[in-house]
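*Asks:* output the structure for:
(one chain, ligands or ions: 3)
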Amino acid sequence: WGKQGHIMVCKIAEKYLSEKAAAAVQELLPESAGGELSTVCPWADEVRFHYRWSRPLHYANTPGVCNFSFSRDCHNSRGQQGMCVVGAINNYTDQLYSYGDSKKSSYNLTESLMFLAHFVGDVHQPLHVGYEEDEGGNTIVVRWYRRKTNLHHVWDNSIIETAMKDFYNRSMDTMVEALKMNLTDGWSDDISHWENCANKRATCANHYAIESIHLACNYAYKDVEQNITLGDDYFFSRYPVVEKRLAQAGIRLASILNRIFGDDKQDA
Ligand code: ADE
Ligand code: ZN
Ligand code: ZN
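*Replies:* Ligands and ions are numbered 1, 2, ... in the order given. Okay, here's the model as predicted:
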């Protein structure tokens, strides 16, 4: 996602944190965050160039197939296993479990939290688990209404921006309020399914990546070719997917943090 998508995911997550998780997050946030997780959620994009190793941690790519396999697809360009968005989520989650250990953690848990919050957002962007060949839609040139862009950017930014402009008075806060309202009304029965994850002391990021490649095939890539113009038809049929993925990401980020810091903390 772009900056706005990441902020929205984290604004939703903040609302669903347990007391313990909220307190731990407060303690780990940098001074500059002003006490809000959402302000640091775009940070990982700002350090992509400084921390060059972190670049492949934002996504995973498949060899042109509509399924995701950790052993096949989760690696960087040098073939190092786990260097993709799914491995990153599991790794930073694992690091955060050392919070509160008597022996001071050797990890910078502030950075672990900021990376985790960002990557849980990214794994829910369908084209962050896309095809290697087109770099998750980055090399597919399209027009978004009249403007020239690429398919990846449409899913990171344009759909969200158009929705904010057309439905929400150009206000991100209004859009977040609408998503929160959906979560308490229309999606309330889905939340427990979204949160459900049987993996002890690990995450279900692998499952979120599988959902994303399915959505990439069935919605993002569907009926798209080089230089096509995407407009109302595409926007109105894909926007519901974007809304739901932002909300799911927020719920699941909160759920991961609650498992790490909260009362239901599992045994090592
Ligand atoms: N670069 C290469 N593949 C990518 C993807 N799926 N998402 C974002 N950036 C990428
Ligand atoms: Zn992206
Ligand atoms: Zn990212």
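*Asks:* what about the helices in this protein?
*Replies:* For the chain, the helices defined by DSSP state H occupy 3-15, 19-28, 43-46, 70-73, 85-96, 109-123, 151-153, 159-167, 172-184, 191-195, 205-215, 232-261.
*Asks:* which one of these is the most hemmed in?
*Replies:* Comparing the helices of the chain by mean neighbour count (mean count of other C-beta atoms under 10 Å), helix 109-123 comes out on top with a mean of 25. Just so you know, the C-beta spots here come from the backbone N, C-alpha and C atoms, and that holds for glycine as well.
*Asks:* if I read this right, Ile213 contacts Cys66, doesn't it?
*Replies:* Yes: using C-beta atoms under 8 Å, Ile213 is in contact with Cys66, at 5.8 Å.
*Asks:* close to ligand 1: what parts of the stretch 51-200 of the chain are there?
*Replies:* By C-beta under 6 Å from any ligand atom, the part of the stretch 51-200 of the chain that sits against ligand 1 consists of His58, Tyr59, Asn61, Leu127, His128, Gly130, Glu135, Gly136, Asn138.
*Asks:* in PyMOL, select just the buried ones from these.
*Replies:* Command for PyMOL that selects the buried part of these, burial taken from 16 or more other C-beta atoms under 10 Å:
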select buried, resi 58+59+61+127+128+130+136
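*Asks:* now the residues of the stretch 51-200 of the chain next to ligand 1 in JSON lines, with pLDDT?
*Replies:* Listed next are these as JSON lines, based on pLDDT from 0 to 100:
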{"residue": "His58", "pLDDT": "98"}
{"residue": "Tyr59", "pLDDT": "98"}
{"residue": "Asn61", "pLDDT": "98"}
{"residue": "Leu127", "pLDDT": "99"}
{"residue": "His128", "pLDDT": "99"}
{"residue": "Gly130", "pLDDT": "98"}
{"residue": "Glu135", "pLDDT": "98"}
{"residue": "Gly136", "pLDDT": "98"}
{"residue": "Asn138", "pLDDT": "98"}
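*Asks:* how close does whatever residue of the stretch 1-150 of the chain ends up closest to ligand 3 get to Leu37?
*Replies:* Of all residues in the stretch 1-150 of the chain, His58 sits closest to ligand 3, at 3.7 Å by C-beta to the ion. Between His58 and Leu37 the computed distance is 18 Å (C-beta to C-beta, to the nearest Å).
*Asks:* related to what we said a few turns ago, can you tell which of the helices of the chain is closest to Asp223?
*Replies:* Asp223 lies closest, by C-beta to C-beta, to one member of the helices of the chain: helix 232-261, at 8.0 Å.
*Asks:* so, in contact with ligand 3 or not, the closest one?
*Replies:* No: on the criterion C-beta under 5 Å from the ion, helix 232-261 is out of touch with ligand 3, staying 11.7 Å away.
*Asks:* average pLDDT for that helix?
*Replies:* The pLDDT scores in helix 232-261 average 98.
*Asks:* how about stretch 205-220?
*Replies:* Per-residue pLDDT values over stretch 205-220 give a mean of 98.
*Asks:* export it to PDB, keeping only CA atoms.
*Replies:* C-alpha atoms of stretch 205-220 as PDB (Å, rounded to 0.1, in the frame of the first residue of the first chain):
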ATOM      1  CA  ALA A 205       1.000 -14.700   7.200                       C
ATOM      2  CA  ASN A 206       1.300 -17.700   4.900                       C
ATOM      3  CA  HIS A 207      -2.500 -17.800   4.700                       C
ATOM      4  CA  TYR A 208      -2.800 -14.100   4.100                       C
ATOM      5  CA  ALA A 209      -0.400 -14.400   1.200                       C
ATOM      6  CA  ILE A 210      -2.400 -17.200  -0.300                       C
ATOM      7  CA  GLU A 211      -5.600 -15.000  -0.100                       C
ATOM      8  CA  SER A 212      -3.700 -12.200  -1.800                       C
ATOM      9  CA  ILE A 213      -2.500 -14.100  -4.800                       C
ATOM     10  CA  HIS A 214      -6.000 -15.500  -5.200                       C
ATOM     11  CA  LEU A 215      -7.400 -11.900  -5.200                       C
ATOM     12  CA  ALA A 216      -4.600 -10.800  -7.500                       C
ATOM     13  CA  CYS A 217      -5.600 -13.400 -10.000                       C
ATOM     14  CA  ASN A 218      -9.400 -13.000  -9.600                       C
ATOM     15  CA  TYR A 219      -9.600  -9.200  -9.300                       C
ATOM     16  CA  ALA A 220      -6.300  -7.200  -9.800                       C
END
